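1. Provided below for reference: sequence and predicted model.
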Amino acid sequence: GDPSSEKSALLALRDTVAGAKALQWNPTDPTPCQWRGVRCQSNQVSELRLPGVGLSGEIPAGIFGNLTNLKTLSLRFNALSGSLPGDLGRCAELRNLYLQGNEFSGEIPAALFGLRNLVRLNLARNSFSGKIPSGFNNLSRLATLFLDRNQLSGSIPAIDLPLLAQFNVSFNRLNGSIPLKLRTKPVEAFLGNSLCGGPMGDCPNEGNDSKSKLSGGAIVGIVIGSLIGVVLIVMVVLVLCRKRRTRRSSRSVDIASVKPPLEEGVVGVKKEEELKRLEGRNENVVNVATAGNGASGARKLVFFANSKNVFELEDLLRASAEVLGKGTFGTTYKALLDVGDGVAVKRLRDVSVNESEFRERIEGVGSLDHENLMSLRAYYYSRDEKLLVFDYMSMGSLSALLHGNRGGGRTPLSWEIRSRIALGVARGIEYLHTQGSMVSHGNITASNILLTETYNAKVSDFCLAQLVGPSSNPNRIAGYRAPEVTDVRRVSQKADVYSYGVLLLELLTGKPPTNSLLNEDGVDLPRWVQSVVREEWTSEVFALELLRYQNAEEEMVQLLQLALDCAAQFPDKRPWMTDVVSQIEDLAH
Ligand SMILES: Nc1ncnc2c1ncn2[C@@H]1O[C@H](COP(=O)(O)OP(=O)(O)OP(=O)(O)O)[C@@H](O)[C@H]1O
């Protein structure tokens, strides 16, 4: 009766069945619970997912009669045939029913219309025939209805479901006019039929009707309305132009004033005193290139072997710069050099280690080289100034892409991109962890995942926690921090795994872990997801933008499970990063 053991029994069942190459329904094992020898009471099973496992033949009667608590049933992409059994109607709790990609035939059974809780129904890619029943109107909670690629005929009934967001009846044998309430759906929803109206163009009769109606006073109305509109637009433009002109004349633009103030950042401040200030403090700075004659006294950046272009500190100081943001370890600027691409310069604050230790650690960081790590290109050290130089990533951080904190115009990340980012980040962290059992990232957050133009993930800000003083402990990373971490400078690899788990949950749910809504109730992202999953609303946790990737739902559920494993309360229960990488690689193929 314990729900968590039921849940794991169910997962075990799923794994057993998923591992099998081909399965037949076994009429002597009438319920799926007895089916593979897993003991669970069928009236407690709430989720049954058997996608693409080679099930074939007709579903015998009596399978669903006892599954009265079933909320999700997925039998998609098997070779099941015949008509749907009537006892499916007994699963009154069913929310999600995925039967696409089988060979089911016959009429859509009336039994479905008793499933008042259905939210998602996918019957696409089968051989259902006959008319589309108007009984769908009974399913008042329905948000997704996919009937495409069947042999349904006749006209579409007047379906009027207020919550229906996804609808598709394409590639059937339907004809006639599309009911009014469905005409707002996109053309793809209706292709491959003989339909008219809405996106499919006017119906022969209706078209003439509307034309003749327009010929009267409507035309006069439209003309007057348009004229008023044009006048209004012209007035607004005039007012805006005048405003702009007055603003321009009242404030002369001074680029320097836009730049960060002197004490905020050395970068981008093109002032002689500032150069001198740094010059005065210059202490035995070595350049890899000039090592040996380091006594030259020049202010040198130390470059690492992987650097694409080498420049002088002066170039950096002369460059125009903008503040990208303030983080745990200091402020990061974008600097545009005269030559080469832009760079990101991190000005470290509160460095607590001495110079030799700093150099030793930073040299270690600079020697790391992996496709999914943000390489450190150069650094600068003096008593008052510690700078780290990275390539500037114009796509910005995962946090900005997910939550759009850089203004509007963002495009939602597709499932494919999200899973690629998940794998890239995992590989980057795994590489770090293989450098030694004591090596950890220490600060995995979505703002520390930067992206290339091709959405290749680069993990940044690693191994810096050990350099800074204990005062740097802002709340912003609170949502990612493992419960056992008390000292941010000592973060274990298993604590990294926790943070990575939270990051995965963020990718899947689209919710930031530092969401004040979540935190108000003292609930963090892992606990929130757990509570939803426990209520068997698994599909409800995913970001809205991911709902259209129906075919990937199984992968999403598995990645969600992995995320929850990573974010386990106790470190011992969490997997190692290498396991995580191979699990995601298995998902992806
Ligand atoms: N190389 C880079 N290219 C482009 N943007 C960057 C780069 N490095 C950092 N940023 C962005 O600059 C901003 C500030 O970064 P910074 O690393 O200083 O703090 P953070 O990542 O926001 O916080 P924390 O250090 O606490 O993790 C962030 O939005 C980050 O995504």
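-> Everything's here; your move. Numbers count the residues shown, from 1 in each chain.
2. which stretch of helix or strand covers the most centrally placed residue in the chain?
-> Most central residue of the chain, judged by C-alpha distance to the mean C-alpha position with Cα atoms, centre = their mean, is L507 at 3.4 Å. Counting by DSSP states H and E, the element that carries L507 is helix 493-509.
3. quick check, distance from that helix to the centre of its chain.
-> Centroid separation for helix 493-509 versus its chain: 13 Å, with Cα atoms, centre = their mean, to the nearest Å.
4. is that helix up against the ligand anywhere?
-> No: under the criterion of Cβ under 6 Å from any ligand atom, helix 493-509 makes no contact with the ligand; the nearest approach is 10.8 Å. Where you see a C-beta, it was placed from the backbone N, CA and C, and this is true even at glycine.
5. CA atoms only: put that helix into CSV for me.
-> Once non-C-alpha atoms are left out, helix 493-509 reads as follows in CSV (Å, rounded to 0.1, in the frame of the first residue of the first chain):
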residue,chain,number,x,y,z
GLN,A,493,31.6,16.0,-6.4
LYS,A,494,28.3,14.6,-5.1
ALA,A,495,27.2,18.1,-4.3
ASP,A,496,28.0,19.1,-7.9
VAL,A,497,25.7,16.2,-8.9
TYR,A,498,23.0,17.7,-6.8
SER,A,499,23.4,21.1,-8.4
TYR,A,500,23.4,19.4,-11.8
GLY,A,501,20.1,17.6,-10.9
VAL,A,502,18.5,21.0,-10.1
LEU,A,503,19.8,22.4,-13.4
LEU,A,504,18.2,19.5,-15.2
LEU,A,505,14.9,20.1,-13.4
GLU,A,506,15.2,23.8,-14.5
LEU,A,507,15.7,22.7,-18.1
LEU,A,508,12.7,20.4,-18.0
THR,A,509,10.3,22.5,-16.0
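6. All further residue positions should be reported with the first residue as 676.
-> That works, and once the first residue is 676, the last one we named lands at helix 1168-1184.
7. and that helix, what does it pack onto?
-> With contacts defined as 3 or more Cβ pairs under 8 Å, 6 or more residues apart in numbering; DSSP states H and E, the packing partners of helix 1168-1184 are helix 1073-1078, helix 1090-1108, helix 1200-1209, helix 1228-1241, helix 1252-1263.
8. Return the set of buried residues in that helix.
-> Along helix 1168-1184, these residues count as buried under the neighbour rule (16 or more other Cβ atoms under 10 Å): 1168-1184.
9. Might one say that Q1205 is in contact with L1239?
-> Yes: Q1205 sits in contact with L1239 when judged by Cβ atoms under 8 Å, with a separation of 6.4 Å.
10. and the stretch 926-1075 of the chain, which residues reach the ligand?
-> Contact residues of the stretch 926-1075 of the chain with respect to the ligand, defined by Cβ under 6 Å from any ligand atom, are listed as 999-1000, 1002-1004, 1007, 1019, 1021, 1065-1068, 1071-1072.
11. hmm, try it at 8 Å
-> 999-1007, 1009, 1018-1019, 1021, 1049, 1065-1072, 1074-1075 (Cβ under 8 Å from any ligand atom).
12. ok so, going back, what's the closest of the helices and strands packed on helix 1168-1184 to C1138?
-> helix 1090-1108 (7.6 Å; Cβ to Cβ).
13. Would you mind checking the average pLDDT for that closest one?
-> The predicted model gives helix 1090-1108 an average pLDDT of 94.
14. Does it reach the ligand?
-> No: using Cβ under 8 Å from any ligand atom, we find that helix 1090-1108 stays clear of the ligand, coming within 13.9 Å at best.
15. So what angle separates the directions of that helix and helix 1252-1263?
-> 160 degrees (axes from the mean of the first three to the mean of the last three Cα atoms, to 10 degrees).
16. check contacts around the residue of the stretch 876-1025 of the chain found nearest the ligand.
-> Here the residue of the stretch 876-1025 of the chain nearest the ligand is G1002; by Cβ to the nearest ligand atom that distance is 2.0 Å. Taking Cβ atoms under 8 Å, 6 or more residues apart in numbering as the contact definition, G1002 lies against 1021, 1122, 1136.
17. Make a markdown table from the residues you listed and add secondary structure, pLDDT and distance to S809 to it.
-> Compiled in a markdown table, the contacts of G1002 are given as follows (DSSP: H, G, I helix; E, B strand; the rest coil; pLDDT from 0 to 100; distance: Cβ to Cβ, whole Å):
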| residue | secondary structure | pLDDT | distance to S809 |
| --- | --- | --- | --- |
| K1021 | strand | 91 | 63 |
| S1122 | helix | 90 | 51 |
| D1136 | coil | 88 | 58 |
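18. export those residues to TSV and tack on neighbour count and distance to S758?
-> Supplementary listing: the contacts of G1002 in TSV, determined by neighbours: other Cβ atoms under 10 Å; distance: Cβ to Cβ, whole Å:
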residue	neighbour count	distance to S758
K1021	23	65
S1122	23	53
D1136	23	58
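19. Where does the residue lying closest to R848 once chain neighbours are set aside sit: helix, strand or coil?
-> In space, and not counting its chain neighbours, R848 is closest to S828: 4.3 Å by Cβ to Cβ, 6 or more residues apart in numbering. Under DSSP: H, G, I helix; E, B strand; the rest coil, the three-state class of S828 is strand.
20. same check, this time on L992
-> Here L992 is helix, with the state taken from three-state DSSP.
21. same deal with I899?
-> At I899, secondary structure determined by three-state DSSP is helix.
22. what does K1186 give?
-> For K1186, the reduced secondary structure class is coil; criterion used: three-state DSSP.
23. rewinding a little: residue contacts, the residue nearest to the centre of the chain?
-> L1182 makes contact with 1073, 1077, 1093, 1096-1097 under the criterion Cβ under 8 Å, 6+ apart.
24. Could you identify the most distant pair in those residues?
-> Farthest pair in the contacts of L1182, by Cβ to Cβ: L1077 and A1097, 12.4 Å.
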